[in-house]
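[1] Based on what follows, work out the 3D shape:
(one chain, ligands or ions: 2)
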Amino acid sequence: MTPARPLKVALLGCGVVGSQVARQMLEGGDEFQARVGRRLDLVGISVRNLAKDRPGIDAALLTDDAAELVARKGIDLVIEVMGGVEPARSLILAAMAGGASVITANKQLLAQDGPTLYEAAAEAGVDLYYEAAVAGAIPIIRPLRESLVGDEVTAVKGIVNGTTNFILDKMTTEGSSFDEVLAEAQRLGYAEDDPTADVEGLDAAAKAAILASLAFHSRVNLDDVDCEGITTVTADDVATAAELGYVIKLLARCALAPDNSISVGVHPTLVPANHPLANVSGAFNAVFIESRHAGQLMFMGPGAGGAPTASAVLGDVITAARNRVRGVAGPGESSYSARPVTPRNLVPSRFYVALSVDDEPGVLAKIAASFARYQVSIQAVRQESEPGRPLGQGARLAILTHAARVGDMKAAVEDLAAMPEVTGGITLMRVEG
Ligand SMILES: NC(=O)C1=CN([C@@H]2O[C@H](COP(=O)(O)OP(=O)(O)OC[C@H]3O[C@@H](n4cnc5c(N)ncnc54)[C@H](OP(=O)(O)O)[C@@H]3O)[C@@H](O)[C@H]2O)C=CC1
Ligand SMILES: N[C@@H](CC=O)C(=O)O
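    Numbering: from 1, shown residues only. Ligands and ions are numbered 1, 2, ... in the order given. You can find the predicted model right below:
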């Protein structure tokens, strides 16, 4: 009997993730053949710059013509780890139209244009897998797409960007400077090609949109996410949070409201020091899921970096390869419930407000009155002398509130900013719990 032909695999991108995908595929050789039932044959790797040194990569596989690689006859699987929206989208669509299943780590593209990709996959009868697009090595897409599909997910929250967690962690535990740690995160391969996407929260926002779409069976895209990065978080904020018993994390929160609307946000957030998310360190990620029947689940692990991310990619490669051998397709899009997005101003949260004031009688009462005008209830206030001002003249206030609506909290802060006794900028952050 003639042995079944190997499955032909094309790899688009050979950077931090792609080079590790190529290495792990090579290492996996016979094992992967046994797991799939067919040999996986890496037939080409597309890159931008052919002159780059790529240790361990067979130069004969490299091409700078990705379109030609995808169009080659008989390609079964295309792995897209080049990043960015174009040409990745066109290449993926061409691959699917040509009959190949696609594995991608591209959260930016999925959050921006996921439905187009899903529709193209359904039309061509091929698979679209993207476990590596959210939280690196952590299995989180498959649990939401398959394991929990019989339950009702009510909230997903977590740390889904390794770079910012690495930065905030080092600022907290080592007192390192923001720029210094960002450079280290880039060296270690955690950061995106343009690290603005990490530090401004856009990478986490894309991941939050993907998680919310899967969790709530509704289409959520990048524009639906209320997004804030960590560039305004100062060493002072980190220190004050620690004194109050909190750790600052960039938290993604996706929640289903009682009126059936969905809120999705990414914000620097004060997390209680005894909360499991507070201890997620370095480039690790963690995702909490709350569901009606299973209750609370937590997933944690490496959220960025070449080898861990490639592990998630390879999991998808094997799954898609097995499907192909059996002549079946994996799960498609499940977005039957067109839930509205909760207006951002109506989303509830607890808050932390920090400000400097003139230390005069009645100032606290004025602040409390301002909060009360907007239905914001104060939970705790800490006052200390403002560094750099003579004792009794300036005070630094840190206020924690009970849950309030974002719009009300912002209106109260605007009132504070107009008070003559308020002497500097006002810090406003969300508080978890
Ligand atoms: N790094 C990480 O920890 C993680 C990354 N991801 C995602 O994985 C994807 C890849 O990330 P990463 O490996 O870090 O990125 P890199 O920048 O390290 O690698 C990108 C690769 O794609 C190639 N490439 C980029 N643009 C083009 C183009 N226009 N035409 C042809 N080739 C191109 C580059 O070629 P050349 O080598 O010649 O420059 C390079 O080989 C992204 O979508 C990212 O968001 C997901 C999870 C974690
Ligand atoms: N830049 C991303 C990489 C993984 O998605 C991150 O830091 O998490």
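[2] Show me what from the chain comes close to ligand 2.
    Within the chain, the positions lying close to ligand 2 (Cβ under 6 Å from any ligand atom) are 136, 161-163, 190-192, 198, 203, 303-304. (Glycine included, C-beta is placed from N, CA and C.)
[3] Neighbour-wise, which one of these leads?
    Using other Cβ atoms under 10 Å as the neighbour test, the residues of the chain next to ligand 2 are led by residue 161, with 36 neighbours.
[4] May I ask which helix or strand encompasses the residue nearest to it when sequence neighbours are not counted?
    Nearest non-adjacent residue to residue 161, counting by Cβ to Cβ, 6 or more residues apart in numbering: residue 204, 4.2 Å away. If you go by DSSP states H and E, residue 204 is part of helix 202-216.
[5] Tell me, how many residues neighbour the nearest residue to residue 203 once chain neighbours are set aside?
    Using Cβ to Cβ, 6+ apart and skipping residues adjacent in sequence, the residue nearest residue 203 is residue 197, 4.5 Å away. Other residues near residue 197 come to 21 when the count uses other Cβ under 10 Å.
[6] Distance-wise, check residue 197 relative to residue 205.
    Separation of residue 197 from residue 205 (Cβ to Cβ, to the nearest Å): 9 Å.
[7] again with residue 158
    13 Å.
[8] now do residue 406
    16 Å.
[9] and if you look at residue 15?
    22 Å.
[10] try residue 71
    Using Cβ to Cβ, residue 71 is found at 33 Å from residue 205.
[11] who has more neighbours, those two?
    Counting neighbours by other Cβ under 10 Å for residue 71 and for residue 205 shows that residue 205 has the greater number, 29 against 15.
[12] That one reaches residue 225, doesn't it?
    Yes - Residue 205 lies in contact with residue 225 (Cβ atoms under 8 Å); the separation is 4.1 Å.
[13] Can you work out which residues contact both of these two?
    Counting by Cβ atoms under 8 Å, 6 or more residues apart in numbering, the shared contacts of residue 205 and residue 225 are 264, 266.
[14] Can you list phi and psi of the residue nearest to residue 203 for me?
    Torsion angles at residue 197 (phi, psi; degrees, to the nearest 10) stand at phi -60, psi -30.
[15] Residue 76 now?
    phi -90, psi -40.
[16] and the gap between the nearest residue to it once chain neighbours are set aside and residue 282?
    Spatially, and ignoring its direct neighbours in sequence, residue 76 is nearest to residue 7 (4.3 Å; Cβ to Cβ, 6+ apart). From residue 7 over to residue 282 the distance is 36 Å, taken as Cβ to Cβ.
[17] Kindly report the same for residue 181.
    According to Cβ to Cβ, residue 181 and residue 282 sit 11 Å apart.
[18] anything in contact with each of the two?
    residue 166.
[19] From the rest of the structure, what touches the helix or strand harbouring residue 236?
    Secondary structure assignment for residue 236, by DSSP H and E: helix 235-243. Helix 235-243 has contacts (Cβ under 8 Å, 6+ apart) with 168, 171-172, 175, 177, 247-248, 270, 273, 352, 354, 382, 398, 427, 429.
[20] repeat that for 6 Å
    171-172, 248, 270, 398 (Cβ atoms under 6 Å, 6 or more residues apart in numbering).
[21] Residue 358 - nearest residue in space that isn't next to it in sequence?
    Residue 358 sits nearest to residue 421 (Cβ to Cβ, 6+ apart), 4.5 Å away.
[22] Return the residues in contact with that neighbour.
    Residue 421 neighbours (Cβ under 6 Å, 6+ apart): 357-358, 363.
[23] Kindly state the pLDDT recorded for it?
    Here, the pLDDT recorded for residue 421 equals 96.
[24] swap in residue 130?
    Value listed for residue 130 in the pLDDT field: 98.
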